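Student: predicted model, plus sequence, below.
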Amino acid sequence: MIKFWQKRAELGILTEDVAVEEELKAIQKEIKEQVKKKFAGSLAIRMVDSGSCNACEAECNALSNPYYDLERLGIYFVASPRHADVMLLSGVMTFNMTPHALEAYEQIPEPKWVITLGDCPVMQAPFEQTFAIKAPAENHLKVTHHIAGCPPTPLEIIKGLLEFLRKI
Amino acid sequence: MRLIARYAKDKGEFFEIVTLYDEEMQKEQVSKENPTIKTLAYEHPAALWFERKMQDDFGIIVEDAFDKRPLVHQEQFPANIYPMRKDFTKKELDFSTFKPYDYEVINGDGVFQVSVGPIHAGIIEPGHFHFSQAGERMLHQEVRHFYTYRGIEKMVEGKTLTQAKPIIERISGNESIAYQICLRDIMVQSSGEKLGASLQKHHALLLELERIIHHLTDLGFIPNDAGFGAALAFGSKLAEDARRMMQKLTGHRFGFGAIDFDAISFDMLALKEWLDKIEADINYFEDWITDIPSVWDRLDTTGALTIQKALKYDTVGVMARASGVAIDRRLNPFYLERGFVMASQVSGDVAARFKLRMAEVKNSILLMRNFLQKKIATQKLSKLQDGEYMSFCESSIGELFMAIDIKDGVIERFYSRDASFMNWQVLHVMMLKDIIADFPLINKSCDLSYAGNDL
């Protein structure tokens, strides 16, 4: 373990070191305040993949890496829809996945919101309508906010979440 | 012989069944009135999913199959719909009545079932795992997928290769470069030309970078699933650095649209510096994690895949190499001359796959250094000719196979088989000695793709 602490001292704090962080710094205060005001300090998100290519999921996982560390702003991903305030929906809503995604939405306690993530759920991605696709998501769910991109970068996701917080 | 793929084509008057082995290819014609074939699943268990997929896609009946359940079509999929037949042109299907799926289960006193998914606790793709449990011990597990089935094979039909490219590069986000390289090879083949050495080197460099990103993510997540979170913080930091390097080189964090025939310029010096840095970091990481016995206590002997089973199930990629099978699409002069050494482990457990990924990252760094070049020459392909083409690529998961038939300048039939399609089928034999709490760890150590598998 001694090696780890040595490295830790060497590396310093990553989140304060990088160029994009300037942008992040500017908005993190507002995010924190908004989360505090509207969600009592913690916004719980249930991520549901309804048929994406895994790039959106990879970017959401990246939100937990030491560069972005979303949890310090009071936003975290939860394991069960029953613990969630928001459903973050990615993917094209495949025929096979749509019933399950809607079921997950049912399980979220009121009040609840849906944010669509990436170009897939609004059918803006290169994928075209086939028999196996049920998107756009707004045909099935009341969507409050959309975060565009293929996939949206972690910073764009954070900005999108802030826009959502301002909206409600 | 190793089974690579088995798939069908609608040829108008009849169906053609293509069975591809590493040594030969067999083609069989079956009539549309009575489309029946014989199963290969007795010699090659992994043929099962191929055959069940054919049954759903084309309505081909596998006479002597021991498993005739639907694979791709789930509970609410309408009966007697065969979407890959040419006469199926519907763009929309309505949900039909719910028909329960008959899971493979073991029954007995005190034996109970655990259903996991399709929505999982973490941020991952959807898939279903069905366990038969005796206490904590897993007696049996069935993998059931195709929740992300988007109908891509049908979607790209009737498009030119250029039109289909944005779709094909998004089949599996983690392996985008590999899919693009397979498509590139088919484009080059159909133009009747040869790929320039300069572009080949540049594309190979991007493929190794993609592999580094994928492996680094896993090197963080595997110890995290064994309860060692510090490794995830470290690994995900390195993976983010690598992803940013991908953004610098290709203009996209996942390299979507990166593989083409145009020249690009990039900062070679920055890449060199980054390679030095990541090498130092990965060496530190290895040194550090090797010293933590509680991690290895979880990784060693867990989820062991024996070489016999790996061969029997025609396993490919990281999982095969970790079990001692020498299989890698990079075993060719182009790579070997530039310092490629195939990583290999023999124990086949989670620890083996972890160490294998570590070794591959290091080798990929070396390869990237050797692929660096000052100037990248462009190439212009002549007109693509009709025909049947196939290509292979070693993605970060394993061997990727793609086959495209071009007719009148557009895609007549597209088929791709992700390494995951083979490897998912062997997962259930790996965990018979383990408890259910080890399953996430075993699954993560394989890190197979769901989207690439489902298409």
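Tutor: Nice, I can see it. Residues are numbered from 1 along each chain as shown, chains lettered A, B, ... in the order given.

Student: now whatever residue of chain B ends up closest to chain A. Nearest residue, chain neighbours left out?
Tutor: Residue of chain B nearest chain A, by C-beta to the nearest C-beta: B:Gly173 (3.0 Å). The C-beta positions use only the backbone N, C-alpha and C, and glycine is treated the same way. Once flanking residues are discounted, B:Gly173 sits nearest to A:Ala55: 3.0 Å by C-beta to C-beta, 6 or more residues apart in numbering or on different chains.

Student: my guess is that neighbour contacts A:Pro152, does it?
Tutor: No. Judged on C-beta atoms under 8 Å, A:Ala55 makes no contact with A:Pro152 at a distance of 9.5 Å.

Student: tell me, what's touching those two both at once?
Tutor: A:Gly118 (C-beta atoms under 8 Å, 6 or more residues apart in numbering or on different chains).

Student: where does the prediction get shaky in chain A?
Tutor: For chain A, applying pLDDT under 70 flags the ranges A:1, A:13-21.

Student: residues near residue 77, how many?
Tutor: Picking chain A for this. When neighbours are counted by other C-beta atoms under 10 Å in any protein chain shown, A:Phe77 registers 20.

Student: looking at chain B here, not the other one
Tutor: Neighbourhood size, B:Phe77 [other C-beta under 10 Å]: 21.

Student: who touches it in this structure?
Tutor: B:Phe77 makes contacts with A:95-96, B:70, B:93, B:96, as judged by C-beta under 8 Å, 6+ apart.

Student: relative to B:Glu142, how far out is it?
Tutor: 19 Å (C-beta to C-beta, to the nearest Å).

Student: repeat that for B:Lys237.
Tutor: From B:Lys237 to B:Glu142 the distance is 37 Å (C-beta to C-beta).

Student: compare neighbour counts for these two and give me the winner.
Tutor: Regarding B:Lys237 and B:Glu142, a neighbour count based on other C-beta under 10 Å identifies B:Lys237 as having more, with 18 against 15.

Student: the more buried one contacts A:Tyr67, doesn't it?
Tutor: Yes. Between B:Lys237 and A:Tyr67 there is a contact at 6.9 Å, judged by C-beta under 8 Å.

Student: check chain A for its longest helix and report it.
Tutor: Longest helix in chain A, counting residues (DSSP state H): helix A:20-39.

Student: pull out the buried residues from that one.
Tutor: A:21, A:24, A:27-28, A:31, A:34-35, A:39 (16 or more other C-beta atoms under 10 Å in any protein chain shown).

Student: who's in contact with the residue in chain A that chain B sits nearest to?
Tutor: Going by C-beta to the nearest C-beta, chain B is nearest to A:Ala55 of chain A, at 3.0 Å. Residues in contact with A:Ala55, defined by C-beta under 8 Å, 6+ apart, are A:118, A:150-151, B:170, B:173-174, B:176, B:254, B:256.

Student: which parts of chain A are helices?
Tutor: A:2-11, A:20-39, A:55-62, A:98-107, A:154-167.

Student: one more: the stretch 151-300 of chain B?
Tutor: B:152-155, B:161-168, B:176-191, B:197-225, B:229-250, B:268-290, B:293-299 (DSSP state H, counting those that start in this stretch).

Student: reformat these as a markdown table; add distance to chain A and mean pLDDT.
Tutor: Shown next, in a markdown table, are the helices of the stretch 151-300 of chain B (distance: least, C-beta to the nearest C-beta, whole Å; pLDDT from 0 to 100):
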| stretch | distance to chain A | mean pLDDT |
| --- | --- | --- |
| helix B:152-155 | 5 | 92 |
| helix B:161-168 | 4 | 92 |
| helix B:176-191 | 8 | 92 |
| helix B:197-225 | 7 | 92 |
| helix B:229-250 | 4 | 90 |
| helix B:268-290 | 5 | 90 |
| helix B:293-299 | 11 | 91 |
